[in-house]
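# Here is the input, now give the coordinates:
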Amino acid sequence: MTASVVLYGIKACDTMKKARAWLDERGVPYTFHDYKKDGISEDVLKDWVSQVGWDVLLNKAGTTFRKLLPEQKEGLTEERAVGLMVAQLSMIKRPVLTRDGKVLRVGFRPADYEETFSG
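Model prediction:
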């Protein structure tokens, strides 16, 4: 496994800490990209959306999304969802785990990571 694995998220996020600990404990080499500190381009978000769908990538359970006005949440389209995520990076579900640009996982569940990295 090469360091072409990139874990995207926010350093202080508890779910991110769990994902990083899981990878570290198993010796999986990865690069951590903190999109609060390092940013994320709209093109990267659009690429991820094309791979997994905006509804998977948009963190609707988070505080930032819940604080939106009802009219901002209604009738979401891919374009509007990407715009929300670009404007408020904490609306991107985390972590996003990629290898060579391909999205492997969105969110963290140990069983999913086990499946991804077994064999």
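# Check the gap between the closest residue to residue 5 other than its chain neighbours and residue 9 for me.
Spatial nearest neighbour of residue 5, excluding adjacent residues (CB to CB, 6 or more residues apart in numbering): residue 30 at 4.2 Å. To be clear about C-beta, it is placed using only N, CA and C from the backbone, and glycine gets the same treatment. According to CB to CB, to the nearest Å, residue 30 and residue 9 sit 11 Å apart.
# Next: residue 24.
Distance of residue 24 to residue 9, given as CB to CB: 14 Å.
# try residue 106
Using CB to CB, residue 106 is found at 10 Å from residue 9.
# Which one's more surrounded, those two?
Neighbours per residue, other CB atoms under 10 Å: of residue 106 and residue 9, the larger number sits with residue 9, 25 against 22.
# That one is in contact with residue 38, isn't it?
No: the criterion here is CB atoms under 8 Å, and residue 9 misses it with residue 38 at 10.9 Å.
# show me where the chain has helices.
Under the criterion DSSP state H, helices of the chain are mapped to 14-25, 42-52, 54-57, 63-66, 70-73, 78-87, 110-117.
# okay, these in CSV with mean pLDDT, mean neighbour count and distance to residue 34 next?
As requested, the helices of the chain are exported to CSV (pLDDT from 0 to 100; neighbours: other CB atoms under 10 Å; distance: least, CB to CB, whole Å):
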stretch, mean pLDDT, mean neighbour count, distance to residue 34
helix 14-25, 96, 15, 9
helix 42-52, 97, 16, 14
helix 54-57, 96, 17, 17
helix 63-66, 92, 13, 16
helix 70-73, 90, 10, 26
helix 78-87, 94, 16, 15
helix 110-117, 95, 13, 19
